[in-house]
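# got a sequence here, can you model it:
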Amino acid sequence: MIPQRYAPQTYALMRIVFALIFLNYGLQKFGIFGGIDGKGGAAPFLSWPFGMAGLIEVVTGVLMLIGLLTKPAAFIASGEMAVAYFWIHQFHGMAIGQPMGLTPVQNGGQAAVLFCLAFLYVATHGAGIWSVDEMRSGAGAKS
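Sure thing, here's the model as predicted:
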């Protein structure tokens with residue numbers, strides 16, 4: 001069991017790792033890390049939904065990674081993931097006559113649900129330690 005005194009470090013680690021993985025999803029939509037098709041393909045910039053999602057994921061991913069404007073960035077990222085889950089994983093299959101299932105395990109929406117809830121948690125708690133927000137508040141000077 002990890003002692004409670006390490007809670008700030010484990011929270012910061014959670015924020016950083018989730019943000020880094022989220023950033024990777026965004027960069028993938030711009031053709032990096034195999035792209036959206038596994039062959040380096042990129043979504044057209046600002047296209048709906050993947051170009052817009054990529055932009056949101058890159059910007060909010062970087063902000064949460066460094067811990068700058070963390071609460072609004074996490075709130076926006078959480079909302080994007082809620083939209084992604086319901087629009088793409090839940091309803092898209094139904095709209096094209098190929099329902100993918102009701103649960104995240106059935107419809108491939110596990111990552112969207114986990115990101116949504118993790119970022120909602122970050123939006124309520126802020127960046128924590130190891131962040132620009134902490135340094136800007138003056139708390140970093142006291143540590």
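# going forward, measure contacts and count neighbours with C-alpha atoms only.
OK.
# nearest spatial neighbour of the residue nearest the centre of the chain, skipping sequence neighbours?
Residue closest to the average C-alpha location in the chain (Cα atoms, centre = their mean): F22, at 4.2 Å. Spatial nearest neighbour of F22, excluding adjacent residues (Cα to Cα, 6 or more residues apart in numbering): G61 at 5.7 Å.
# and the one you found, how many neighbours does it have?
By the other Cα atoms under 10 Å criterion, the neighbourhood of G61 contains 28 residues.
# can I get stretch 125-134 in PDB, CA atoms only?
In PDB, the C-alpha atoms belonging to stretch 125-134 read as follows (Å, rounded to 0.1, in the frame of the first residue of the first chain):
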ATOM      1  CA  HIS A 125      -8.600  19.100  -8.400                       C
ATOM      2  CA  GLY A 126      -6.300  21.200 -10.500                       C
ATOM      3  CA  ALA A 127      -2.700  20.500 -11.600                       C
ATOM      4  CA  GLY A 128      -1.200  19.800  -8.200                       C
ATOM      5  CA  ILE A 129       2.600  19.600  -7.800                       C
ATOM      6  CA  TRP A 130       5.100  19.600 -10.600                       C
ATOM      7  CA  SER A 131       3.100  22.100 -12.600                       C
ATOM      8  CA  VAL A 132       3.200  25.600 -14.100                       C
ATOM      9  CA  ASP A 133       0.000  26.400 -12.300                       C
ATOM     10  CA  GLU A 134       1.600  25.600  -8.900                       C
END
